[in-house]
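A.B. asks: I'd like to go over a predicted model; first the sequence, then the structure.
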Amino acid sequence: MDFDFSDDQEQLRDAVRKWVDKGYTFDRRREITHAGGFDRAAYTELAELGLCGLYVSEDQGGIGMGPVEGMVVMEELGRGIVLEPVQQAFIAGAVLEGYAPDALKAAWLPKIAGGEAIVVLAHQERKSRYNTHKCDAQAQQQDGQWLITGTKSMVAVGDHADAFLVPAMASGKLALFLVAKGAKGCATSGYGTQDGGRAAELQLNQSPASDGQNHGHHRGLHEHSQAVQYHHCHLPSPASPRGRYENAIGVGPLNELLRQLEAQCTCN
């Protein structure tokens, strides 16, 4: 068995390393930290390298790579202590690519891959103490929509994100929903973190989850409202092992998915 990196993987490593060395100097990082801990311009530069679409298929505007390439990228970004949360694009890309309905994929994956939309995982709650089995957020159906109520903490660049992947209890089961930042009842409160980065508290008050079909307008994104129905599926994502899950967009129980994704994305 050959454990050497392929030529494509080495080229990817070289491209990211050159960007870190020339484009993300210590002075630039310090300026970003002093400015609040996130720089959209730097994030856009990473997207232009194709990194935000690493786990997104070519059909959706990504480059369709997997966890080995993700490891290579995060290793090089870690060398520069890069603050911008590219690993969140990995998570969102893998989750939506593997489990979301076609309308939701079409609405969000090309924007994630292009760096136009930042979609982040909002799973931590104060009472959970990092136990992903514990979730106080609730999802209720009303007139065909899923409405999410709850508070999430330490959401990466939450006040700059365009949408959130939100775990919530629905009919007694842990489910995962996509909620756009412009949705009714959605509010964020941002703050700097000890590592110089940025996070936020996310408050949802009967906020409608998105199915990619009802279109509102928020910062150039077309989305809004409904949510997704329960179904069973197998886990096809390159970011996690295969297995049978019960969920809202194909992700659950959530803790195994999070464990696998976070094991790959430890830099931010």
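C.D. replies: Great, that's in hand.
A.B. asks: how near is L165 to R30?
C.D. replies: Applying Cβ to Cβ, to the nearest Å, the value for L165 to R30 is 31 Å. Yep, even glycine has a C-beta here, placed from its N, CA and C like the rest.
A.B. asks: make that F38, sorry
C.D. replies: 14 Å.
A.B. asks: of these two, which one has the most company?
C.D. replies: F38 (24 against 11; other Cβ atoms under 10 Å).
A.B. asks: and the more buried one, what does it touch?
C.D. replies: The neighbours of F38, taking Cβ atoms under 8 Å, 6 or more residues apart in numbering as the test, are 32, 83-85, 157, 160, 197-198.
A.B. asks: how many neighbours does G144 have?
C.D. replies: Using other Cβ under 10 Å, G144 is surrounded by 10 other residues.
A.B. asks: how close does it get to L104?
C.D. replies: Separation of G144 from L104 (Cβ to Cβ) stands at 16 Å.
A.B. asks: check F5 too.
C.D. replies: 33 Å.
A.B. asks: more crowded one of these two?
C.D. replies: For F5 versus L104, neighbours defined as other Cβ under 10 Å are more numerous around L104 (22 against 15).
A.B. asks: host element of the more buried one?
C.D. replies: For L104, the element it lies in under DSSP states H and E is helix 102-114.
A.B. asks: which other helices and strands contact that helix?
C.D. replies: Where contact means 3 or more Cβ pairs under 8 Å, 6 or more residues apart in numbering; DSSP states H and E, helix 102-114 is packed against helix 86-99, strand 221-223.
A.B. asks: can you list the ones you listed in JSON lines and add mean neighbour count and distance to T188?
C.D. replies: Shown next, in JSON lines, are the helices and strands packed on helix 102-114 (neighbours: other Cβ atoms under 10 Å; distance: least, Cβ to Cβ, whole Å):
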{"stretch": "helix 86-99", "mean neighbour count": "25", "distance to T188": "15"}
{"stretch": "strand 221-223", "mean neighbour count": "21", "distance to T188": "15"}
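A.B. asks: of all those, which one is nearest A175?
C.D. replies: With Cβ to Cβ as the measure, helix 86-99 is the member of the helices and strands packed on helix 102-114 nearest A175 (11.0 Å).
A.B. asks: for the closest one, packing partners?
C.D. replies: helix 40-48, helix 67-79, helix 102-114, strand 119-121, strand 163-170, helix 254-264.
A.B. asks: put together a markdown table for these, with mean pLDDT and distance to W19 on each row.
C.D. replies: A markdown table is the format used below for these (pLDDT from 0 to 100; distance: least, Cβ to Cβ, whole Å):
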| stretch | mean pLDDT | distance to W19 |
| --- | --- | --- |
| helix 40-48 | 97 | 7 |
| helix 67-79 | 95 | 8 |
| helix 102-114 | 95 | 17 |
| strand 119-121 | 97 | 22 |
| strand 163-170 | 95 | 26 |
| helix 254-264 | 50 | 20 |
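A.B. asks: with distance to Y24 added, can I get the ones you listed in a markdown table?
C.D. replies: Listed next are the helices and strands packed on helix 86-99 as a markdown table, based on distance: least, Cβ to Cβ, whole Å:
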| stretch | distance to Y24 |
| --- | --- |
| helix 40-48 | 7 |
| helix 67-79 | 8 |
| helix 102-114 | 20 |
| strand 119-121 | 20 |
| strand 163-170 | 25 |
| helix 254-264 | 21 |
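A.B. asks: quick one: work out the angle between the helix or strand harbouring L174 and helix 102-114.
C.D. replies: Using DSSP H and E, L174 sits in strand 173-180. Between the axes of strand 173-180 and helix 102-114, defined by axes from the mean of the first three to the mean of the last three Cα atoms, to 10 degrees, the angle is 60 degrees.
A.B. asks: which strands and helices sit next to strand 173-180?
C.D. replies: Using 3+ Cβ pairs under 8 Å, 6+ apart, strand 173-180 is in contact with strand 145-156, strand 163-170, strand 198-208, strand 244-247.
A.B. asks: list the buried residues in the top helix by length along the chain.
C.D. replies: When the chain is scanned for its longest helix (criterion: DSSP state H), the result is helix 7-23. For helix 7-23, the neighbour count (16 or more other Cβ atoms under 10 Å) marks 9, 12-13, 16-17, 19-20 as buried.
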